[in-house]
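S.K.: Got a sequence here, can you build the structure:
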Amino acid sequence: MGTLQAALSQIAMPRLIQAPNLPIATLWVDWLKAQGVGASVQREYLRSAAGELPPDQCLPEVWIQDPLQEALAHELLHLLRHAPQRRWLCDCGELVEGGFEQCWHCAAPMPLT
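M.R.: This is a model prediction of the structure:
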């Protein structure tokens, strides 16, 4: 009976998104897990089959465990993928650009204002 339940839970797991590469897929899964969404990377080892299979079929995918969290997972990934881009001058004189909230030169946090 445990095997049947495992098989049924696999069927119910929705595919959330296809990632361009394994590091990005892993980053997205880690982000979702940190936010309380059970997720996993699938097709992580299929890249070696590219050539035998169409390349777009060999990309890693992010799947979530609970279909009820699908909308939340999409929203969280949208927030991660569209992080606000900022430009601020650190007290150490370093110009910090992008979505960074910490200076890469001295590790000081971004000012609140």
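S.K.: Let me see the ranges of the strands in this structure.
M.R.: Ranges of strands in the chain, per DSSP state E, are 15-18, 39-42, 61-64, 86-89, 95-98.
S.K.: Kindly reformat these as CSV containing distance to Trp28, mean pLDDT and mean neighbour count.
M.R.: Quick note: C-beta positions are derived from backbone N, CA and C, even for glycine. Putting the strands of the chain into CSV (distance: least, C-beta to C-beta, whole Å; pLDDT from 0 to 100; neighbours: other C-beta atoms under 10 Å) gives the following:
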stretch, distance to Trp28, mean pLDDT, mean neighbour count
strand 15-18, 7, 94, 16
strand 39-42, 8, 96, 18
strand 61-64, 5, 96, 20
strand 86-89, 22, 90, 12
strand 95-98, 18, 91, 12
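S.K.: With distance to Lys33 as added columns, please give the ones you listed in CSV.
M.R.: Formatted as CSV, those follow (distance: least, C-beta to C-beta, whole Å):
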stretch, distance to Lys33
strand 15-18, 13
strand 39-42, 6
strand 61-64, 10
strand 86-89, 26
strand 95-98, 24
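S.K.: His74 is nearest to which of these?
M.R.: Of all the strands of the chain, it is strand 15-18 that lies closest to His74, at 6.8 Å by C-beta to C-beta.
S.K.: Leaving out sequence neighbours, find the closest residue to the residue positioned nearest the centre of the chain.
M.R.: Nearest residue to the geometric centre of the chain (C-alpha atoms, centre = their mean): Trp28, 0.9 Å. Using C-beta to C-beta, 6 or more residues apart in numbering and skipping residues adjacent in sequence, the residue nearest Trp28 is Val62, 5.2 Å away.
S.K.: which residues of the chain score low on pLDDT?
M.R.: 1-11, 47-51 (pLDDT under 70).
S.K.: 80 - rerun?
M.R.: 1-12, 45-53, 55-56, 84, 113 (pLDDT under 80).
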